[in-house]
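Asks: Take this sequence and fold it.
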Amino acid sequence: MSRALLAQRLKELERMGVVVSHEKETGQGYEYLLTPAGEALRPIVEAMGVWAQQWGSEQVAPEDLDDALLMWGMRRRVNLEAMPAQKIVLQFDFRGLTRGHKNQRSYWMVIEDGEVDVCHKDPGFEVHVLISADLGMFTHVWLGYTPLNLALEQGTVCFEGDRKLVRQVPTWLYLNGEWRYGMGIDRSAAQLMQTNRPVAKDK
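Replies: Numbering: from 1, shown residues only. Predicted coordinates:
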């Protein structure tokens with residue numbers, strides 16, 4: 001969403017009494033808070049999210065796949081509490097892209113001191129785990145629509161690197177259906193969190 005469209009939507013929500021804006025203490029820009037009317041909408045929006053998680057898997061069409069959007073989503077949702085103290089570099093090699101003219105594109109995720117950066121170009125650091133995956137399958141795994149162990153068995157998602165670190169990647173990136181389990185959709189995800197452990201291919 002462009003900044004202009006975002007500003008327009010926020011103004012509309014403010015006119016409807018869903019949000020209220022306040023100048024930031026720094027004096028630069030505004031922050032938006034939910035009003036009582038906005039809070040009343042929270043359970044409705046959350047229920048729609050639960051419905052989409054449970055019934056929307058078939059709605060992720062090939063033309064909807066976006067590798068950059070996926071990386072941005074993962075960047076915002078890394079399990080930092082589970083990360084080791086050392087700097088961790090993950091390389092993602094996605095194939096099966098549908099946008100543009102490239103068949104494959106790579107990204108690097110650098111995680112250090114509670115900060116997560118995503119690079120479009122090789123930052124030059126040692127890569128601890130290489131993740132090679134079909135974009136569509138990895139998107140479905142991350143959204144909780146497809147079990148990780150199935151993708152691993154099919155070879156549509158592969159992990160290479162230090163065996164100990166490879167086993168931790170699903171926990172770092174929430175690849176074991178945590179979204180669906182957290183929403184109360186799929187209680188079997190709790191078991192998957194314990195049983196889904198990718199097999200490493202040592203470099």
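Asks: secondary structure class for the residue nearest to the spatial centre of the chain?
Replies: Geometric centre of the chain, nearest residue: Met74, 2.9 Å, by Cα atoms, centre = their mean. Under DSSP: H, G, I helix; E, B strand; the rest coil, Met74 falls in the helix class.
Asks: doesn't Leu143 make contact with it?
Replies: No - if you go by Cβ atoms under 8 Å, Met74 and Leu143 don't touch, sitting 11.1 Å apart. Bear in mind the C-beta positions are built from the backbone N, C-alpha and C, glycine included.
Asks: lowest average confidence, helix or strand, in the protein?
Replies: helix 189-195 (a mean of 46; mean pLDDT, DSSP states H and E).
Asks: and Val169, what does it touch?
Replies: 90, 129, 131, 159, 175, 198 (Cβ atoms under 8 Å, 6 or more residues apart in numbering).
Asks: JSON lines please, covering these and showing pLDDT and secondary structure.
Replies: Shown next, in JSON lines, are the contacts of Val169 (pLDDT from 0 to 100; DSSP: H, G, I helix; E, B strand; the rest coil):
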{"residue": "Leu90", "pLDDT": "97", "secondary structure": "strand"}
{"residue": "Val129", "pLDDT": "97", "secondary structure": "strand"}
{"residue": "Ile131", "pLDDT": "97", "secondary structure": "strand"}
{"residue": "Phe159", "pLDDT": "97", "secondary structure": "strand"}
{"residue": "Leu175", "pLDDT": "92", "secondary structure": "coil"}
{"residue": "Pro198", "pLDDT": "65", "secondary structure": "coil"}
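Asks: Ala4: which element?
Replies: helix 3-15 (DSSP states H and E).
Asks: avg pLDDT for that helix?
Replies: Mean per-residue pLDDT for helix 3-15: 90.
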